[in-house]
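**Student:** Give the three-dimensional model of this entry:
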Amino acid sequence: MAILKIAKMGHPVLNEKADPISDPTSRNVRDLIKDMHETLADVRGAGLAAPQVHVGKRLIIFAAPKEEQEEENIPETDFAPMTEIINPEWVPVSDEMSLGWEGCLSVPGLTGAVPRYMHIQYRGYTPKGELIEREATGFHARVFQHEFDHLDGILYTMRMDDLSLLVFAEEAKKFGLPPFPHQ
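**Tutor:** As a prediction, the model looks like this:
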């Protein structure tokens, strides 16, 4: 396994549409997933897309973990274990959107308020070639959409409606903006 170099905003791989993976069960895909896990653990991020590690393929990994002191009555669809999904696709379940703070490993040092669908359904394939289908809400839906955007050459800054809400993370902390996970 290896820690991979993260592509930063401005690198052409982040602006291109990623290619589908023909064989989700291939050894190359399994090796890439292992390296992406090691890279994600090293940077302590919430998710990672293959284009972010200079591989123009349709593969994302992410997690939306349950925190120890969660409020009650939060739907299970807000959470997801560490997930590897190949050739994902998704649709919104409703038109309702929410503005939330996001950061990105490919846009270091910045955070911005990004509108995202609050309730989605997604599907794709596991590294074993099995179809995975889930509903996602809350942070789970947000992190999936963020990582999926990388597969289409879209950075979160391109989704922002109000660039006055794009700030340096250090400044955000000073002024009490909510913490955000790296995605």
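
**Student:** quick one, strands of this structure?
**Tutor:** For the chain, applying DSSP state E gives strands covering 47-49, 59-64, 80-92, 97-104, 107-117, 119-125, 131-137, 166-168.

**Student:** got the contact list for the longest one?
**Tutor:** Applying Cβ atoms under 8 Å, 6 or more residues apart in numbering, the external contacts of strand 80-92 come out as 20-21, 24, 29, 33, 37, 58-65, 117, 119-127, 132, 134, 136, 140, 144-145, 148, 151. Any C-beta I mention is one placed from the backbone N, CA and C, and that applies to glycine too.

**Student:** repeat for the second one
**Tutor:** By Cβ under 8 Å, 6+ apart, the residues outside strand 59-64 that reach it are 18, 21, 29, 32-33, 36-37, 40, 46-50, 78-88, 136, 138-140, 143-144, 147-148, 150-151, 183.

**Student:** How about the first one?
**Tutor:** Contacts made with strand 47-49 from outside it, assessed by Cβ under 8 Å, 6+ apart, are listed as 18, 36, 39-40, 59-63, 105, 143-144, 146-148, 150-151, 183.

**Student:** Pull the contacting residues for residue 116.
**Tutor:** 97-98, 100, 141-142, 145-146, 159.

**Student:** before we move on, the earlier item: who wins for proximity to residue 9 among the strands of the chain?
**Tutor:** strand 107-117 (5.0 Å; Cβ to Cβ).

**Student:** What strands line up against the closest one, and which way round?
**Tutor:** Neighbouring strands of strand 107-117 in its sheet, by DSSP bridges, are strand 97-104 (antiparallel), strand 166-168 (antiparallel).

**Student:** okay, those strands, which one's buried deepest?
**Tutor:** Highest mean neighbour count of the strands paired with strand 107-117: strand 97-104, a mean of 19 (counted as mean count of other Cβ atoms under 10 Å).
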